[in-house]
Structures are given as C-alpha cells and as structure tokens.
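Trainee: Next input, structure requested:
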Amino acid sequence: QLQFAESGGGLVQQGGSLRLSCVASESRMTKFAVGWFRQAPGKEHEGVACIGASDGTTYYVDSVKGRFTISRDDAKNTVYLQMNALSPEDTAIYYCTADVGCSDGTVIPTRPNHRGQGTQVTVSS
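Mentor: Okay, the predicted model is just below:
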C-alpha cells in the first residue's frame, strides 16, 4: 500500500491561496490515480480532486471547480493541489490517497481511514 506525506497547509485569509504537496513513498505512484480528500471537524470526509494515472485526466467536485487545480509530477512521486480563492468552508485537514474512485464531479476515497497525517488548512474570514 502506498504511503503519502502531505504538506503545504497553513493559515490564510479568505480569498488567499495555498499549494499542497503529497509525496508518495515509492515510484509505484505512477501506476495509480491519486486523489485529495478533506475532513473538517465534526463532518464527514469529502473527496475534493483526483488525477488519473495514464493520461492525467483530472476530476473535481463542484464545490472546488474553477478554484482548485490538481497536478502530478511522477518524476518526483508528488501530487499537488493548488487552491485559490479559498473560503472558510475550505477549512479542513487535507489528505491524499491512491484508494480513490474518480469520475466527473465525483471523488470518492474508498479507504478514508487509511491515511497519513494530512495537512491542516485554515481559512479565516
């Protein structure tokens, strides 16, 4: 099972930007789609974005379309999540995973309890 280390979170004002990074433990990452999901206090986890393995097709949930961009650099075993126009509703711990189902408008982490430390994103109003 791939392991990931997330980083790049922080405190930002509403309307600001952050870039999250997710580094895989091994180069097998190139064979997998990778997704980002988040969990806010007291709420269920929510898939955010996903990027395919072979063609790099990207998928986003409606709440982040046009604001977030997922990308991958397989040479660095890294997936990124560029987040712009952040709002307080984006406040959560963000995780990445290779156990994810992706389709247009839908990102579903299939094993959300198997996750790393995540990275905290806090957006102030």
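Trainee: Report how many residues lie close to Gln120.
Mentor: The number of residues packed around Gln120, counting by other CB atoms under 10 Å, is 13. Placement of C-beta: from N, CA and C, glycine included.
Trainee: what about it, distance to Tyr60?
Mentor: Distance, Gln120 to Tyr60, using CB to CB, to the nearest Å: 21 Å.
Trainee: Looks like Ser27 contacts Asn77 (just checking).
Mentor: Yes: contact criterion CB atoms under 8 Å: Ser27 and Asn77 qualify, at 5.8 Å.
Trainee: Settle it for me: which of the two has more neighbours?
Mentor: The residue with more neighbours, out of Ser27 and Asn77 and counting by other CB under 10 Å, is Asn77; that gives 18 against 11.
Trainee: State the pLDDT value of the spatially most central residue of the chain.
Mentor: Central residue of the chain (CA atoms, centre = their mean): Trp36, 2.2 Å from the mean position. pLDDT recorded at Trp36 is 97.
Trainee: Then Leu86?
Mentor: As predicted, Leu86 sits at a pLDDT of 98.
Trainee: wait, it sits on Arg19?
Mentor: No: using CB under 8 Å, Leu86 makes no contact with Arg19, being 11.4 Å away.
Trainee: between the two, which one's more packed in?
Mentor: Set side by side, Leu86 and Arg19 show more neighbours around Leu86, with 22 against 14, by other CB under 10 Å.
Trainee: Confirm that one sits in a helix?
Mentor: No: the assignment for Leu86, made by DSSP: H, G, I helix; E, B strand; the rest coil, is coil rather than a helix.
Trainee: Any figure for the gap between it and His45?
Mentor: 19 Å.
Trainee: Low-confidence regions, this protein specifically.
Mentor: Per-residue confidence for the chain (pLDDT under 70) gives no ranges below the cut-off.
Trainee: go with 90
Mentor: Along the chain, the parts satisfying pLDDT under 90 run over 1-3, 25-30, 54-56, 104-105, 111-116.
Trainee: for stretch 115-122, which positions count as buried?
Mentor: Burial within stretch 115-122, assessed by neighbour count using 16 or more other CB atoms under 10 Å, is assigned to 115, 118-119, 121.
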